[in-house]
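Asker: give me the fold of what follows.
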Amino acid sequence: MKQEPKQLNEKFNKVILSNEFKINKVDKYIYIKNANKSFIIIYLYIDDMLILGSNNYIIKSTKKMLTNKFNMKDLDVANIILEKRITKMFNGLVLTQSYYAEKLISKFFER
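Answerer: Now for the predicted structure:
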């Protein structure tokens, strides 16, 4: 159905806003919540979601809340999003286009 994505997004917004998240002013598909010196960020892209948080407790409680409201599958720790490879470093995360480059190389040179 054509209306299904819009309705799902409206339901998602209603659920997420009722759980004290704020919509990012620059990108309306990024949701942020600050609580007890912790933060959680949700990035929604079509039917995929990336959840980042300052600690495991806030990530797990957010996943539990979302699982109670939506039929969703937890793919655990993300290593690729939007064809970008995510590498965890000691001081944060690094996004690279190595995954995309590898796909291009295999598409055009490994025939």
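
Asker: tell me the domain ranges of this protein?
Answerer: 1-75, 77-111 (automatic domain parsing).

Asker: what's the burial count for Arg85?
Answerer: The local packing of Arg85 (other CB atoms under 10 Å) involves 17 other residues. Using the backbone N, CA and C atoms, a C-beta is placed for each residue, glycine as well.

Asker: beta partners of Ile32?
Answerer: Note on Ile32: beta-bridge partners by DSSP bridges are Lys22, Ile41.

Asker: quick one: contacts for it?
Answerer: Phe21, Lys22, Asn24, Phe39, Ile40, Ile41, Ile42 (CB atoms under 8 Å, 6 or more residues apart in numbering).

Asker: hmm, which of those residues are the buried ones?
Answerer: Buried members of the contacts of Ile32, scored by 16 or more other CB atoms under 10 Å, are Phe21, Ile40, Ile41, Ile42.

Asker: and these as a markdown table, adding pLDDT?
Answerer: What follows is the buried ones among the contacts of Ile32, written out as a markdown table (pLDDT from 0 to 100):
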| residue | pLDDT |
| --- | --- |
| Phe21 | 96 |
| Ile40 | 95 |
| Ile41 | 94 |
| Ile42 | 94 |
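
Asker: kindly reformat those as CSV containing distance to Tyr57.
Answerer: Listed next are these as CSV, based on distance: CB to CB, whole Å:
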residue, distance to Tyr57
Phe21, 16
Ile40, 10
Ile41, 15
Ile42, 16
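
Asker: Ile58: which of those is nearest?
Answerer: Closest approach to Ile58 among the buried ones among the contacts of Ile32 (CB to CB): Ile40, at 4.9 Å.

Asker: is it true that that closest one touches Asn56?
Answerer: No - Ile40 is not in contact with Asn56 according to CB atoms under 8 Å; the separation is 11.1 Å.

Asker: tell me which stretches of this protein form strands.
Answerer: Taking DSSP state E, the strands of the chain run over residues 22-23, 30-35, 38-45, 48-53, 80-81, 84-89, 92-96.

Asker: ok, back up a step: lowest average confidence across the domains of the chain, which one?
Answerer: Note on the domains of the chain: lowest mean pLDDT is at domain 77-111, with a mean of 82.
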